[in-house]
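Student: Turn this into a structure:
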Amino acid sequence: MTDTGEILRALRLGRGMTQEQLAERLFVSRELVSKWELGQRRPDIRALSAIAGLFGVEIEDLADTEALAGELSACLPPERPLSAAQLRALLGPFLATVSERDRAVFLRRYYFLEDAAAIGALFGIKENHVRSILARTRKKLKAYLKGAST
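Tutor: Below you'll find the model as predicted:
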């Protein structure tokens, strides 16, 4: 699996662009582009959207959505698969059952595609704490979906 930084670098080089030129087009610093490419930072959803538009690709082609899908797939009841529409319909009511902070952390991870470090920085908590919140929320989601599918 290729990470976002490698994909971004390949797209940039394929267009013959320097990091500086890409940064100018995205209205960010060259240093930030470098950090993205080195995997030290990850673009947020707005940056991913701008990058996708610039290079004519889908956001899913840039983000590591396979890893996110893997994290969430363990929550799905194997005995009765849910369609995407069913899952969307159940997620709203489920998220209403968790705390505001846990809901925000969950959405930042699985909707805005942010990594634990970025979420932690946003909420002023450690990356490991973010991972714990996500693990507990996924466990609650699994129980919720199991009850909803019976």
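Student: quick one: terminal-to-terminal distance for stretch 14-33?
Tutor: One end of stretch 14-33 sits 16 Å from the other (Cα to Cα, to the nearest Å).
Student: gap between it and the chain center?
Tutor: How far stretch 14-33 lies from its chain's middle: 22 Å, per Cα atoms, centre = their mean, to the nearest Å.
Student: Show me which positions of it end up buried.
Tutor: For stretch 14-33, the neighbour count (16 or more other Cβ atoms under 10 Å) marks Met17, Gln19, Leu22, Ala23, Leu26, Val28, Leu32, Val33 as buried. Just so you know, the C-beta spots here come from the backbone N, C-alpha and C atoms, and that holds for glycine as well.
Student: For Ala74, state which of those is nearest.
Tutor: Closest approach to Ala74 among those (Cβ to Cβ): Leu32, at 32.8 Å.
Student: element containing that closest one?
Tutor: Using DSSP states H and E, Leu32 maps to helix 30-38.
Student: which residues sit against the next helix or strand after that helix?
Tutor: Using DSSP H and E, the next helix or strand after helix 30-38 towards the C-terminus is helix 45-55. Contacts with helix 45-55, where a contact means Cβ atoms under 8 Å, 6 or more residues apart in numbering, come from 4, 8, 11, 15, 22, 25-26, 28, 36, 43, 57-59, 61-63, 111-114.
Student: Keep only those of the residues you listed that are in strands.
Tutor: Taking DSSP state E, every one of the contacts of helix 45-55 sits outside strands.
Student: show me the contacts for Ile59.
Tutor: Contact partners of Ile59, counting by Cβ under 8 Å, 6+ apart, are Ile45, Leu48, Ser49, Ala52, Leu113.
Student: Pull the most distant pair out of those.
Tutor: Greatest spacing in the contacts of Ile59, by Cβ to Cβ: Ala52 and Leu113 (11.8 Å).
Student: of these two, who's got more company?
Tutor: For Ala52 and Leu113, the more surrounded residue by other Cβ atoms under 10 Å is Leu113, and the numbers stand at 21 against 18.
Student: so what's the residue nearest to that one when sequence neighbours are not counted up against?
Tutor: Once flanking residues are discounted, Leu113 sits nearest to Ala63: 4.8 Å by Cβ to Cβ, 6 or more residues apart in numbering. Contact partners of Ala63, counting by Cβ under 8 Å, 6+ apart, are Thr4, Leu48, Leu113.
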